[in-house]
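[1] Below is the sequence, then the predicted model.
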Amino acid sequence: MTALTEPDAIVEITPSAGIQTARHGWRAKCLQRLVRMGLPVPDSFAISADAVRAIAAGQTPDRTRLAQIIERADGLVSVRPSAINPAWGGPGTVLNVGINDACHARLTRTRGKAAADALYLGFVQSYAVHVARLDPDMFSDGDEGLEAALRAYRDETDEEFPQDPARQLAEVLRSMARAWDGPTARLLRQAKGAPPVAPLGLVVQDMALAIGPGVTGSGTIQFIDSVTGMPRITGRFRGQSQGRSKGEGAETLYLTRDPRGPSLEEAAPEVFADLVRFGVAARERLREEMQIEFVVSDSRLSIIDAVRTPRNSRASVRIAVALARDGIVPPEEAVMRVEPRALSDLLHHQVDPRAPRDIIARGINASPGAATGRIVFTAAAAQAAEARGEPAVLVRRETVPEDIRGMHASVAVVTERGGMTSHAAVIARGIGLPCIVGANGISIDARARTMQVGSRIFREGEEVTVDGTSGEVLAGAAEMLEPALDDSFSQLLEWADQHCRIKIRANADTPEDARTARMFNAQGIGLCRTEHMFFDDERLPAMREMIFAGQPEDRRLSLERLLPMQRSDFAALFEIMAGLPVTIRLFDPPLHEFLPHDREGMRELAESLDLPLSDVTRRVEALSEFNPMLGMRGVRLGITVPEIYDMQARAIFEATILASRNGAPVVPEIMIPLVSARREVELVKTRIDAVAAAVRNETRKDFAYRLGVMVETPRAALRAGDIAEHAAFLSFGTNDLTQMTYGLSRDDAGRFMGIYVSQGVYAEDPFHILDQDGVGELVAIGAERARSHKPGITISVCGEHGGNPESIAFCLRAGVNYVSCSPFRVPVARLAAAQESI
Ligand code: PEP
Ligand code: MG
């Protein structure tokens, strides 16, 4: 038994034929749909994937059947690939199979010698290269004559060019079947998500000849602009051209009337009108915007193929929404059709994909969007540029908390080092700033104020464009597309929310972040990193004073200066969030992050604190740690220097009372970072309860609050059962949890992450996409243990993974109640969560 003798190994594509995408490929199925619509599709035959596999393995198709097909086709057919998924590509189409001397003579009579020569030559060239595997250089010259090509074929193979059409077709089928199994084709399609063994069908179709008398040629037409998604007819019509064969008088026409030159609309108005009609019909019947490939032969139109119109992100949103609004697809299908990541392209400026790019460096695309500005190498220079009204691109080896104001003053940030959760990446995503980290190829000379990339040197003040979506730094100013937060965007997300089974909150540290979060319909703040509030010019000195205080009493005095500032921070957040939950994380980073790092900074500090420089240096040294991320930070600081948390708790409660005056009572959520033992929670809880009692007493006002724990250490995940006892909620901080589970520094991993991913050590950067097998297992274990001790406990994820579609899908399956992510990622998260819920 051979697959090739089965009755449906080669089937004619008729309205009732049993064509299936899984057996015959998408092109065969699509052609059948066009046939069912009654479009003028030339006779077509589908060869099943089983049959193609048998051909590749050396079996020969039934020659008589092939001869019949070609005869019916008046001597000429084309062969096209038909993979299961169009994105997987396939071997190139071969046209005019069946042409031989006799057919050539006939075509010379009916279409003229030039047309006949062009068609024969095109086939000889592609047969020689793809089937006979002759040197492409000998057959690629478009000006080479037919005679010369036939002679070259004879000289190279010692035989005449094959004249038997059935043999030609059998050989073409075999070469295409084999090409699909070749290593290059396999690698290319695997890169697009195809499995190692992917089926390929083939389609044999009567040739509609595009070279000959009258209005004759081939073209493509689409009805939607691929970049904007707006209705617009584009494409082209190449008169007297078929593939790479060109007849006499070949010329390209516009499709629609155009002052720049002749158009198909003018040359053949009925053909053009039919094309437009077919486009509308195809959209309705195939429930998709289609790009149609067609041939006009002496004013007779044939539709030879159709594919989904290629589109970029913004077009994909507009198209999906328009299809649903026109009743062609249900809204939930529109929600499923848009890639969640595509939404982030709509939130920011984008480099116009049609514009030229002068790429000077590549790195990790840490925060999407694009911006053009002049290079600066320090935060101070960025602030100065902002004051002058000049857009600045901040280029640093890496950023530290002190650079935050400089980042705010810049239009984009590039760092030489770092990974997806390094400081620059997290801050940039938070404020919606285009950012590239780990741009290994650049080397910064801070003194000379230059940046070298390969042999090119860029000076401070030179203009560059940062494309944070692609991770590319471009020289000069690139053409941009505006953000597209239009009505289609809002509509799609409104439909998405109707299906979403979890809540999406935002990580927001400032009133501005909170407003952005609300603009994107976040359902609360899931993480307010309070330490970011201490870096402005007014607060940093008070903070430093507190750090230098020798006695608890002195410390309390400094903290009293910070208290009103924190209180107004929190009151503002409560007000903006208008009753939505707000989770405030108590102070987390190591204290020395707030201290100056160079001699000049220390001298300034000594001056402002009125201390000898040696005291300052000694204290800074005393606070420095070998491993600060595993040192005195988070709850450890809360227990050893409890006055900080006391002050923060008081500020939160006083702000709660303030914010509850005019509306519904606010119930703040307070979160303890970096916990690894239940006793830590007990100790902090006791003090916070005491502060709450004191504030209630002093103000004679009652309020409620919820205390929660961040699960960021593997031990906290494993001990989530007993930690849950004192917690109203647990929030997985998957940034630190990933760092600690892998023992991998989130600030340094960028240096080797590329190599690790390319060599398959990690399938993906685990700081970007949650590692479901390891870190994910800890999340699942933690959630399960917490729930078994306290069934009603709220579980969430607030690490950067909360904005990543794959990770959100995992969180949803693990049963979390909400995820929290940077405000600008909220739309992506809403769509991803909805897709997982539908
Ligand atoms: C985390 O560790 O996942 C987290 C949210 O906290 P941060 O990123 O501030 O360390
Ligand atoms: Mg953390």
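    Done, it's in. These numbers were taken from a predicted model, which means no experiment stands behind them. Ligands and ions are numbered 1, 2, ... in the order given.
[2] helix or strand for Tyr120, which one?
    Following DSSP states H and E, one finds Tyr120 within helix 113-126.
[3] low pLDDT regions in this protein?
    For the chain, applying pLDDT under 70 flags the ranges 1-3, 141-143.
[4] any idea which strand is longest in it?
    For the chain, the strand with the greatest residue count under DSSP state E is strand 231-242.
[5] so what strands line up beside it?
    strand 217-224 (antiparallel), strand 245-253 (antiparallel) (DSSP bridges).
[6] can you give me the helices in the stretch 401-550 of the chain?
    Ranges of helices in the stretch 401-550 of the chain, per DSSP state H, counting those that start in this stretch, are 404-409, 423-431, 487-497, 511-519, 539-548.
[7] now, of those, which is deepest in the fold?
    Compared across the helices of the stretch 401-550 of the chain, helix 423-431 shows the largest average neighbour count, a mean of 25 (mean count of other Cβ atoms under 10 Å). The way it works is simple: take the backbone N, C-alpha and C, and place the C-beta from them, glycine included.
[8] Show me what it packs onto, helices and strands only.
    Helices and strands touching helix 423-431, by 3 or more Cβ pairs under 8 Å, 6 or more residues apart in numbering; DSSP states H and E, are strand 364-367, helix 404-409, strand 412-415, strand 435-437, helix 511-519.
[9] Convert the second one to CSV, retaining C-alpha atoms only.
    Same thing as helix 404-409. Extracted in CSV, the C-alpha atoms of helix 404-409 (Å, rounded to 0.1, in the frame of the first residue of the first chain):
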residue,chain,number,x,y,z
ILE,A,404,15.8,58.2,38.7
ARG,A,405,15.3,61.9,38.2
GLY,A,406,17.6,61.8,35.2
MET,A,407,15.5,59.0,33.8
HIS,A,408,12.4,61.0,34.3
ALA,A,409,14.1,63.9,32.4
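[10] ok, back up a step: what is the orientation angle of the longest strand of the chain with helix 113-126?
    Orientation check (axes from the mean of the first three to the mean of the last three Cα atoms, to 10 degrees): strand 231-242 against helix 113-126 gives 90 degrees.
[11] still on that earlier bit, quick one: contacts of the helix holding Tyr120?
    76, 92, 94-97, 99, 103-105, 107-108, 139-140, 144-146, 149-150, 153, 161, 209, 211-212, 240, 242-248 (Cβ atoms under 8 Å, 6 or more residues apart in numbering).
[12] Tell me the helix or strand right after that helix.
    With elements assigned by DSSP H and E, the helix or strand that comes after helix 113-126 is helix 136-139.
[13] angle of the helix or strand just after that next one against helix 113-126?
    As assigned by DSSP H and E, the chain's next helix or strand after helix 136-139 is helix 146-157. Angle, helix 146-157 to helix 113-126, by the same axes, to 10 degrees: 20 degrees.
[14] Identify the residues contacting Pro564.
    Contacts of Pro564 (Cβ under 8 Å, 6+ apart): Ala651.
[15] Tell me how far it lies from Leu658.
    Note on Pro564: its distance to Leu658, by Cβ to Cβ, to the nearest Å, is 11 Å.
[16] Next: Ala282.
    61 Å.
[17] More neighbours: those two, which one.
    Ala282 (23 against 18; other Cβ atoms under 10 Å).
[18] Give me the nearest residue to the more buried one, chain neighbours excluded.
    Spatial nearest neighbour of Ala282, excluding adjacent residues (Cβ to Cβ, 6 or more residues apart in numbering): Met290 at 4.4 Å.
[19] right, and the one you found touches Ala281 too?
    No. Using Cβ atoms under 8 Å, Met290 is not in contact with Ala281, being 9.7 Å away.
[20] So for these two, which sits in the more crowded spot?
    Met290 (25 against 15).
[21] domain parsing for the protein?
    Structural domains assigned to the chain are 3-100+162-206, 217-311, 349-481, 500-533+550-588+632-837, following automatic domain parsing.
[22] so which of the ones you listed comes closest to ligand 2?
    domain 500-533+550-588+632-837 (3.7 Å; Cβ to the ion).
[23] From Glu284, how far off is Val276?
    Val276 is 13 Å from Glu284, by Cβ to Cβ.
[24] Buried residues, the helix holding Tyr120. List them.
    Neighbour-count burial for helix 113-126, counted by 16 or more other Cβ atoms under 10 Å, picks out 114-126.
[25] Give me the angle between the longest helix along the chain and helix 511-519.
    For the chain, the helix with the greatest residue count under DSSP state H is helix 552-577. Relative orientation of helix 552-577 versus helix 511-519 (the same axes, to 10 degrees): 30 degrees.
[26] Is the residue lying farthest from the centre of the chain in a helix, a strand, or coil?
    Here the centre of the chain is the reference, and by Cα atoms, centre = their mean the most remote residue is Arg109, at 55.2 Å. Three-state call for Arg109 (DSSP: H, G, I helix; E, B strand; the rest coil): helix.
[27] And the residue of the stretch 1-150 of the chain that's closest to ligand 1?
    Across the stretch 1-150 of the chain, no residue is closer to ligand 1 than Ala87, which sits at 34.1 Å (Cβ to the nearest ligand atom).
[28] I'd assumed Gly193 was in contact with that residue.
    Yes. Counting by Cβ under 8 Å, Gly193 is a contact partner of Ala87 at 7.2 Å.
[29] okay, the buried residues of helix 113-126 in TSV with distance to ligand 2 next?
    Output for those, formatted as TSV (distance: Cβ to the ion, whole Å):
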residue	distance to ligand 2
Ala114	73
Ala115	71
Ala116	73
Asp117	72
Ala118	67
Leu119	67
Tyr120	70
Leu121	67
Gly122	63
Phe123	65
Val124	67
Gln125	62
Ser126	59
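[30] Let me see the contact set for the residue sitting nearest the centre point of the chain.
    Nearest residue to the geometric centre of the chain (Cα atoms, centre = their mean): Arg341, 4.2 Å. With contact taken as Cβ under 8 Å, 6+ apart, Arg341 is in contact with Ser313, Pro805, Val828.
[31] How many residues are close by the second one?
    A count of nearby residues for Pro805, using other Cβ under 10 Å, gives 19.
[32] Which positions in the chain make contact with ligand 2?
    Within the chain, the positions near ligand 2 by Cβ under 5 Å from the ion are Glu712, Gly733, Asp736.
[33] so what's the second one closest to, chain neighbours aside?
    What that stands for is Gly733. Closest to Gly733 by Cβ to Cβ, 6+ apart is Glu712, at 3.7 Å.
[34] so which of the helices of the stretch 401-550 of the chain comes closest to Ile584?
    With Cβ to Cβ, the closest approach to Ile584 among the helices of the stretch 401-550 of the chain belongs to helix 511-519: 11.8 Å.
[35] So which residues make contact with the closest one?
    Contacts of helix 511-519 (Cβ under 8 Å, 6+ apart): 430-432, 505-508, 525, 569, 572-573, 576-578, 580, 823-824, 826.
[36] Next, the angle from it to helix 423-431.
    Following the same axes, to 10 degrees, one obtains 50 degrees for the angle between helix 511-519 and helix 423-431.
[37] for Arg260, what are its contacts?
    For Arg260, the contacting residues are Tyr254, by Cβ under 8 Å, 6+ apart.
[38] repeat for Asp771
    Counting by Cβ under 8 Å, 6+ apart, Asp771 has contacts Thr738, Thr741, Tyr742, Tyr762, Glu764.
[39] separation between the fourth one and Ile404?
    As defined by Cβ to Cβ, Tyr762 lies at a distance of 30 Å from Ile404.
[40] Adding distance to ligand 1, write the strands paired with strand 231-242 out as a markdown table.
    Shown next, in a markdown table, are the strands paired with strand 231-242 (distance: least, Cβ to the nearest ligand atom, whole Å):
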| stretch | distance to ligand 1 |
| --- | --- |
| strand 217-224 | 41 |
| strand 245-253 | 55 |
